[in-house]
Each structure stands twice: as structure tokens, then as C-alpha cells.
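Asker: here are the coordinates; sequence isn't available:
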């Protein structure tokens, strides 16, 4: 089954990739590595997870927000390489979670992205990861995730 067929089976249609919110490019490919700029939980032109976790954004919404970030990562990659079936390996995710002092469940939030990628890509979706808590993020997003992906 192709990756796009798997997404379809899960009821996921990749969106048109969100446009950059600053002076950068969404994807840089060098050799067989694609570096995907930080993606926000943007869906249908709106941020779906806003504010600090868990004070302003509850855990369930934050986990779903991380999943949306992963969907946007795949959308950016597809726009760059044409077919997601060219993915060899998700190498690394770097995730940033807007949180208040005393919140220590950043990894649990980012599992929303990691579990989604493993479900869609199988072994290719298992990756290394960094989970960092930060005070603020662009547009008041609850999380931002970037990725390094090996492709054919």
C-alpha cells in the first residue's frame, strides 16, 4: 500500500502546504536529506492549538495539534519531492511546546506527531526526537515541529 493510500484509508487528505510566516523556505533538500521548516498546527487556514499547554490548550488538543504539524510536514515534503513514496526514513523531529513553568509532559504532546508518522509510514516513520518547552511561539501556536527526512 502506498503512503498516500494509507493516508486515504485513515481519512486524511494532505492540505495545500501552509505558506511561510517569515523570510524562509519551507523545505531545503541537500542530497538525500530534506529539512522541513517548523510547521504549526495550521488547518484550513486556522491554528488549531493556541496558547500554553495545558493552561490555555488542553492536552488532548495539544496532542492533536502535534498530529496536524506532522500532516503539514508531509504536505510540505510532497510539494517538494512529488511523491511520499520516496520517503526512506523520518530521521528526526524537533518539537517545541509552548508551556508554563512546571509543565513537564512535552514528550507526551509530541507523541501526537510521532505516533501518527509511525502509523502512516511504519518502520520508516520511527525517528529520533527532541522535545523542548518554550515560553512563546509564532502566532501564539501551542507547538511547532520541524523535521529531517531521508528520501530517494
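Answerer: Good, I have the coordinates. As the structure is a prediction and not an experimental result, all values here were calculated from the model.

Asker: contact partners of stretch 46-54?
Answerer: With CB atoms under 8 Å, 6 or more residues apart in numbering as the test, stretch 46-54 has contacts from 40-42, 56-57, 59, 61-62, 64-66, 68, 97-100, 103, 105, 109, 139-143. Yep, even glycine has a C-beta here, placed from its N, CA and C like the rest.

Asker: ditto for stretch 117-128
Answerer: Residues outside stretch 117-128 that contact it (CB under 8 Å, 6+ apart): 3, 6-7, 10, 70, 74, 87-93, 114, 147.

Asker: Between the two ends of that stretch, how far is it?
Answerer: Taking CA to CA, to the nearest Å, stretch 117-128 runs 12 Å from one end to the other.

Asker: ok, now how distant is residue 45 from residue 16?
Answerer: Distance check for residue 45 against residue 16: by CB to CB, to the nearest Å, it reads 10 Å.

Asker: and what of residue 145?
Answerer: According to CB to CB, residue 145 and residue 16 sit 18 Å apart.

Asker: Over to residue 130?
Answerer: Remark: distance between residue 130 and residue 16 (CB to CB) = 28 Å.

Asker: higher neighbour count, those two?
Answerer: Shown here are residue 130 and residue 16; by other CB atoms under 10 Å, residue 130 has more neighbours (14 against 8).

Asker: Tell me the buried residues in the top helix by length along the chain?
Answerer: Assignment by DSSP state H gives helix 59-81 as the longest helix of the chain. Using 16 or more other CB atoms under 10 Å as the burial criterion, the residues of helix 59-81 that qualify are 61-78, 80-81.

Asker: Please apply the same query to stretch 83-102.
Answerer: Buried residues in stretch 83-102, counting neighbours by 16+ other CB under 10 Å, are found at 84, 86, 87, 89, 90, 93, 94, 95, 96, 97, 98, 99.

Asker: what's the farthest-apart pair in the residues you listed?
Answerer: Greatest spatial distance in the buried residues of stretch 83-102: 86 and 99, 34.9 Å, computed using CB to CB.
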